[in-house]
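Engineer: fold the following.
(one chain, ligands or ions: 1)
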Amino acid sequence: MKIFILKYVLFIILILVLLKCNIIADSRYLYNKNYFIQNTDEINFGRLSIVSFKYTVSNCNSQNDCAHNLFDGNRNTEWIGIKESDIESVTIDFGSKRLLNNVRWDISPNSAVVNEIQIQVLHRNEWKTLSSVMSPALQGIAEIVSTDASIIKINFIKSEGENLSIRQLSILLNESNLTGISPRLTSYSLPTFGAVIPEDDYYLPGAPRKYRNGFHKGLDFNSYIGADQIEQKMKLTTPILAIGSGEIVRVDNDYIPMSLNEYNDITQYNQTHPVTYVDKDFGGRQIWIDHKNGIMSSYNHLSSIVKNIKIGTKIARGEIIGYAGNSGLISEIKSSKDQIHLHLELWIDGEYLGNDMKPIQIRKFLQYFFTE
Ligand SMILES: [Zn+2]
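Structural biologist: From the prediction side, this is the model:
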């Protein structure tokens with residue numbers, strides 16, 4: 001009996017040690033945590049949506065292989081339907097009638113052979129087949145000439161025993177993809193190696209603040225997953241990477257920190273007055289990159305900037321531009337190493353990402369935006 005209790009206690013201690021060391025990794029620390037619901041969800045990014053819609057799929061192999069992968073513009077991610085079925089379907093509900101005239105698919109070479117694709121619309125309470133493609137090519141397009149419908153179902157008919165695997169699915173009106181997001185809003189990379197998108201909505205853009213006109217405009221990266229797979233706080237030596245290629249439009253090479261008096265004065269003033277313009281702001285040492293197509297990124301609180309970066313310098317995606325820090329924050333003035341993080345702002349058509357978006361929308365959007 002004593003040995004049993006001793007073993008039990010040792011087991012508990014072992015688990016506690018493993019948890020402390022982060023050896024049993026909690027999935028919430030992974031930056032690519034999936035914010036989409038399993039089989040059914042909505043794509044609605046407010047002003048950043050082409051068209052908002054709801055979708056449902058018949059099955060998912062797992063949450064990571066589920067339906068949003070159909071619409072993310074990323075051919076490396078797939079929707080995988082289960083083996084035990086000879087038909088899988090995707091239903092798209094636009095909420096109101098849409099003009100559409102073709103459906104495009106991209107079937108993975110790993111997929112079960114698809115014998116037929118059926119395109120249906122809900123007519124009264126029955127599915128009416130508008131088009132049926134027998135033995136479809138892996139990548140193909142079916143015309144559904146001059147259709148106006150609000151709910152469309154696409155059936156993939158296959159043989160049992162193998163997983164269906166679809167990379168992309170689009171419903172189009174001519175060349176415009178009604179079920180995607182604009183390609184200009186995808187294919188950016190994360191701003192540090194192993195970047196962790198924070199769990200707490202407080203660090204997202206659009207989160208309420210008592211300063212900066214009442215809203216946090218950036219996305220705060222406080223930690224990263226190191227090469228040893230352990231999550232660590234950002235350090236002064238953490239490289240900051242350009243999220244996409246572009247041109248430098250601001251670089252604070254001559255940055256001078258605020259004095260404590262200046263800091264207190266600005267902080268106090270902002271408590272009771274709207275912020276209209278700041279010549280010295282809490283963003284500290286900054287770099288801004290213009291990625292063109294209406295998209296800019298701004299990197300705040302840097303401790304240093306890579307040599308030879310000037311206004312007009314062309315930058316490649318993933319290039320190191322500076323190092324994390326706490327410039328512009330009280331800890332810099334107090335010469336402490338607290339508060340080291342990257343505040344990254346994403347500006348789209350002159351508005352910051354997160355303006356008028358809910359945290360869940362922002363998190364989903366970021367899964368499209370950052371595809372590595
Ligand atoms: Zn911030």
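Engineer: got the residues of the stretch 101-250 of the chain near the ion?
Structural biologist: Counting by CB under 5 Å from the ion, the residues of the stretch 101-250 of the chain close to the ion are Gly218, Asp220. Backbone N, C-alpha and C define where each C-beta goes, glycine included.
Engineer: what segments of the stretch 101-250 of the chain are strands?
Structural biologist: 114-123, 126-134, 139-158, 164-173, 176-177, 219-221, 223-225, 231-233, 239-241, 246-251 (DSSP state E, counting those that start in this stretch).
Engineer: any idea which of these has the lowest pLDDT on average?
Structural biologist: In terms of average pLDDT, strand 176-177 trails the rest of those, at a mean of 90.
Engineer: how is the chain divided into domains?
Structural biologist: According to automatic domain parsing, the chain comprises the domains 33-181, 201-369.
Engineer: adding mean neighbour count, write these out as JSON lines.
Structural biologist: Shown next, in JSON lines, are the domains of the chain (neighbours: other CB atoms under 10 Å):
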{"stretch": "domain 33-181", "mean neighbour count": "17"}
{"stretch": "domain 201-369", "mean neighbour count": "17"}
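Engineer: can you tell me which of those comes nearest to Tyr188?
Structural biologist: Closest to Tyr188 of the domains of the chain is domain 201-369 (CB to CB; 4.5 Å).
Engineer: that older thread, let me have the domains of the chain in CSV, extended by distance to Thr192.
Structural biologist: Output for the domains of the chain, formatted as CSV (distance: least, CB to CB, whole Å):
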stretch, distance to Thr192
domain 33-181, 17
domain 201-369, 5
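Engineer: what about stretch 43-57, average pLDDT?
Structural biologist: On average, stretch 43-57 scores 90.
Engineer: quick one: residues in contact with that stretch.
Structural biologist: 39-42, 66-68, 70-71, 79, 81, 88-95, 98, 176-182, 185, 348, 351, 353, 356-357, 361, 364-365 (CB atoms under 8 Å, 6 or more residues apart in numbering).
Engineer: just these: which are in helices?
Structural biologist: Gln361, Lys364, Phe365 (DSSP state H).
Engineer: in JSON lines: the strands of the stretch 101-250 of the chain, plus distance to Glu319.
Structural biologist: Formatted as JSON lines, the strands of the stretch 101-250 of the chain follow (distance: least, CB to CB, whole Å):
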{"stretch": "strand 114-123", "distance to Glu319": "41"}
{"stretch": "strand 126-134", "distance to Glu319": "44"}
{"stretch": "strand 139-158", "distance to Glu319": "33"}
{"stretch": "strand 164-173", "distance to Glu319": "29"}
{"stretch": "strand 176-177", "distance to Glu319": "30"}
{"stretch": "strand 219-221", "distance to Glu319": "17"}
{"stretch": "strand 223-225", "distance to Glu319": "17"}
{"stretch": "strand 231-233", "distance to Glu319": "22"}
{"stretch": "strand 239-241", "distance to Glu319": "7"}
{"stretch": "strand 246-251", "distance to Glu319": "10"}
